[in-house]
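> please find the sequence and the predicted model below.
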Amino acid sequence: MKAVIINQYGGPEELQMATIERPSIDQNEVLVAVQATSINPIDWKARQGLLKGMFDWQMPVVLGWDVAGTIVEAGAAVTNFKVGDEVFARPDIYADGRRGTYAEYAAVKEDKLALKPASLSFEQAAALPLAGLTAYQVIHDQLKIQAGEKVLIQAGAGGVGLNAIQIAKYLGAEVATTASANHHTLLKQIGADHVIDYHTTAIQDVLTDYDAVFDTIDAIDKGLAILKPTGRLVTIDGQPTAAQKSQGPTVSSWWLQPNGRELAILGQLAVEGHLQVIIDQVFPFSTAGLQAAHRYSENSHSAGKLIINVGTEA
């Protein structure tokens, strides 16, 4: 099969189209013909070698951790999905580093899968898993946002932030977020009550007495400064220090846990209109397309997801 791989860590130029073996599947897995995948910051951080401490991969490595497509093979133990089903998922990060979704086919464990709603395109479905699950698990599961609470979501125009704002609003919260001025209109359209231009205004100058902070930019001290003593902060970009944990508000970090059941909830929220899937650009599945997508993600402040149209025929 065709896949975009890296043979060494480095810049976007390391991404190259190659022909590699199609992944084999275990009894609890399915093989998905990939229609679309997406770009996340973890992709280019991994490409740069910043995840070497977590994953001891052997080259070549196939990046990518979002998938939408059609099942073409199902393991003997798979009971809830079948060949021909249109699905989406955030697959596991495999130890060999060769089962990413920048490829024509991807192996996915059954418990990570969700059926793709018919009203969502493959591109929309591929935009949801990593960013959507991260937002849902922090807002719903970790911060446990309740109606009437005030929550700050840092970097609202990113993939995680856009989902988190909408999920928090769906739960009835009052939502503040930070973004460049050119993204303020979009963020207000999807429900943000307060949008702060971080270039000109410090959050602690305008926000106070907040119940919760979702930190996506490793600005833990700034988040703590606006919280109630009983508030809580969850970060996905930093590691809280002992001093930060001792200040009163609860502080913790979170790493996404792939979950097909929760992904199905996100799909339903999108179908019902509670969660708008926002796509910034769609790139072709090619060496040039992946390199361009990585550069765009790494060097700009996009509003919405960057999608790769793989288009494998099932």
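Yes, it's here. Keep in mind it's a predicted model, so treat the numbers as computed, not measured.

> by mean pLDDT, which helix or strand of this protein comes out lowest?
Every helix and strand in the chain was compared by mean pLDDT, DSSP states H and E; the lowest is helix 242-245, with a mean of 91.

> who touches that one?
Under the contact criterion C-beta atoms under 8 Å, 6 or more residues apart in numbering, helix 242-245 has outside partners Ile220, Asp221, Leu224, Val251. Where you see a C-beta, it was placed from the backbone N, CA and C, and this is true even at glycine.

> list the buried ones in it?
Gln244 (16 or more other C-beta atoms under 10 Å).

> quick one: strands adjacent to whichever helix or strand comes after it?
Using DSSP states H and E, the helix or strand that follows helix 242-245 in sequence is strand 250-253. Note on strand 250-253: by DSSP bridges, its sheet partners are strand 227-235 (parallel).

> and the partner strand, how far from the chain's centre?
Taking C-alpha atoms, centre = their mean, to the nearest Å, the mean C-alpha location of strand 227-235 is offset from the chain mean by 23 Å.

> which other residues reach it?
138, 142-143, 209-216, 218, 220, 223-224, 240, 248-254.

> if any of the residues you listed are buried, put those into a ChimeraX selection.
Remark: buried members of the contacts of strand 227-235, expressed as a ChimeraX selection using 16+ other C-beta under 10 Å:
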select :138,142,143,210,211,212,213,214,215,216,220,223,224,240,249,250,251,253,254
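
> Phe214 contacts Ile145, correct?
No. Assessed by C-beta atoms under 8 Å, Phe214 is found out of contact with Ile145, at 9.1 Å.

> anything in contact with each of the two?
With C-beta under 8 Å, 6+ apart, Phe214 and Ile145 have common neighbours Ile139, Val151.

> what's the nearest residue to Ala103 if we skip its chain neighbours?
Nearest non-adjacent residue to Ala103, counting by C-beta to C-beta, 6 or more residues apart in numbering: Ala3, 3.7 Å away.

> next one: phi and psi at the one you found?
phi -150, psi 150 (degrees, to the nearest 10).

> ok, now which ones touch it?
Going by C-beta under 8 Å, 6+ apart, Ala3 touches Met17, Ala18, Thr19, Ile20, Val62, Gly100, Tyr102, Ala103, Glu104.

> which residues does it bridge with?
Counting by DSSP bridges, Ala3 forms beta bridges with Ala18, Ala103.

> care to break the chain down by domain?
Following automatic domain parsing, the chain resolves into domains at 2-128+277-309, 131-253.

> work out the gap between the longest one and the centre of the chain.
Relative to its chain's centre, domain 2-128+277-309 lies at 12 Å (C-alpha atoms, centre = their mean).

> try stretch 120-136
That offset, for stretch 120-136, works out to 7 Å (C-alpha atoms, centre = their mean).

> in strands, which of the contacts of helix 242-245 appear?
Val251 (DSSP state E).

> identify the farthest-apart pair in the contacts of helix 242-245.
Longest distance between any two of the contacts of helix 242-245 is 10.2 Å, between Asp221 and Val251; criterion C-beta to C-beta.

> how about the domains of the chain in a markdown table, adding distance to Glu262?
A markdown table is the format used below for these (distance: least, C-beta to C-beta, whole Å):
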| stretch | distance to Glu262 |
| --- | --- |
| domain 2-128+277-309 | 9 |
| domain 131-253 | 6 |
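
> what is the end-to-end distance of stretch 53-70?
One end of stretch 53-70 to the other measures 33 Å (C-alpha to C-alpha, to the nearest Å).

> average pLDDT for it, rounded please.
Computed over stretch 53-70, the mean pLDDT rounds to 94.

> in that stretch, which residues are buried?
For stretch 53-70, a neighbour-count test (16+ other C-beta under 10 Å) marks Trp57, Pro60, Val61, Val62, Leu63, Gly64, Trp65, Asp66, Val67, Ala68, Gly69, Thr70 as buried.
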